[in-house]
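Colleague: structure of the sequence below:
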Amino acid sequence: MRVLIHLSDLHFGRADPAIVQPLIDFIRTTKPNLVAVSGDLTQRARSQQFLEARKFLEAIPFPKIVVPGNHDVPLRNLFARLFRKFDRFRRYISDDLEPFYADDEIAVAGVNTARALTGKNGRISRQQLEKLRTRFANMPSHVKIVVTHHPFDLPPGVVGDRVVLRAESAMKTLAQIPVDMLLAGHFHDNFSALIVASGTAISTRGRGQPNSLNVIDIEALNISITQHRWDPNRAGFEPFSTERFVRMANGWTPA
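Modeller: This is a model prediction of the structure:
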């Protein structure tokens with residue numbers, strides 16, 4: 001069995017300090033095999049915000065997959081946005097923008113979908129898709145997971161075009177591999193399926209949604225995804241809902 005914690009949209013610079021340490025405590029108590037952070041670590045890609053994000057990540061003593069989001073690219077400095085867009089992410093967080101983790105049961109690939117000229121939208125390239133195909137080759141029994149900031153599909157009830165560009169063609173490649181689960185953020189909303197979005201874990205930019213995270217349990221042909229929401233009265237993250245899936249011959253089905 002493997003346990004993943006999925007966080008997104010931390011937005012240091014707009015983080016609620018009352019939630020940061022309880023979140024660290026929650027992760028330490030849960031003892032996950034892996035923590036996936038799907039982008040937007042900062043509010044405006046400033047050095048101090050990246051330093052705060054690094055301090056947070058260093059307090060988590062477990063393997064991590066961390067990818068950038070559109071807020072991790074400089075906004076107002078046009079030169080930096082075009083030519084040095086990931087310099088601070090590389091300096092303070094990781095030089096690897098597309099990390100990979102694998103053990104005997106799961107294989108998890110981070111993909112950088114943030115771009116300088118796509119605004120809130122992201123993009124995935126043919127080269128990135130081929131890289132995923134190569135990384136997941138010869139792993140037929142692993143549960144294969146991709147972590148991006150921008151989602152490949154819209155949550156129910158969300159209207160707009162903020163999915164990753166090339167999403168339709170990308171989904172065909174991901175189905176061929178096949179990838180079992182897509183983890184993303186960006187919407188600050190939370191819904192659970194095998195396309196899994198996480199709400200913002202600690203940011204005050206909740207857009208009407210509570211701070212939340214996902215705990216994902218993976219055991220053989222079964223996956224459960226539990227959304228935990230911040231309860232200010234208890235000063236902690238409490239289970240809110242759980243969805244369970246079983247892998248059948250034709251793919252993942254609600255249990």
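
Colleague: in this structure A197 contacts Q209, no?
Modeller: No. Applying Cβ atoms under 8 Å, one finds A197 not in contact with Q209, separated by 10.7 Å. C-beta: built from backbone N, CA, C; applies to glycine.

Colleague: the more surrounded of those two?
Modeller: A197 (27 against 14; other Cβ atoms under 10 Å).

Colleague: separation between the more buried one and T134?
Modeller: 26 Å (Cβ to Cβ, to the nearest Å).

Colleague: can you check I216 too?
Modeller: I216 is 25 Å from T134, by Cβ to Cβ.

Colleague: which one of those two has more residues nearby?
Modeller: I216 (23 against 9).

Colleague: quick check: that one is in a strand.
Modeller: Yes. The assignment for I216 by DSSP: H, G, I helix; E, B strand; the rest coil puts it in a strand.

Colleague: what strand or helix carries the closest residue to it other than its chain neighbours?
Modeller: Once flanking residues are discounted, I216 sits nearest to L4: 4.3 Å by Cβ to Cβ, 6 or more residues apart in numbering. L4 belongs to strand 2-7 when elements are defined using DSSP states H and E.

Colleague: equivalent analysis for F245, please.
Modeller: strand 236-248.

Colleague: average pLDDT across that strand?
Modeller: Averaged across strand 236-248, the pLDDT comes to 94.

Colleague: ok, back up a step: right, and the residue nearest to I216 touches S38 too?
Modeller: No. Applying Cβ under 8 Å as the test, L4 and S38 come out as separate, 11.5 Å apart.

Colleague: and the two? Which one has more around it.
Modeller: S38 (32 against 28).

Colleague: can you pull the phi and psi angles for the more buried one?
Modeller: S38 adopts backbone torsions of phi -100, psi 60, taken as degrees, to the nearest 10.

Colleague: what distance do you get for it to G251?
Modeller: Counting by Cβ to Cβ - S38 and G251 are separated by 22 Å.

Colleague: likewise for E105?
Modeller: 19 Å.

Colleague: the two: who's more crowded?
Modeller: E105 (14 against 11).

Colleague: now that one: how far from S241?
Modeller: Taking Cβ to Cβ, one finds E105 at 25 Å from S241.

Colleague: ok, V35 next?
Modeller: Distance from V35 to S241, by Cβ to Cβ: 21 Å.

Colleague: higher neighbour count, those two?
Modeller: Comparing V35 with S241 by other Cβ under 10 Å, the one with more neighbours is V35, at 21 against 12.

Colleague: ok so the more buried one is a helix residue?
Modeller: No. Going by three-state DSSP, the assignment for V35 is strand, not a helix.

Colleague: beta-bridge partners for it, please?
Modeller: I5, K64 (DSSP bridges).
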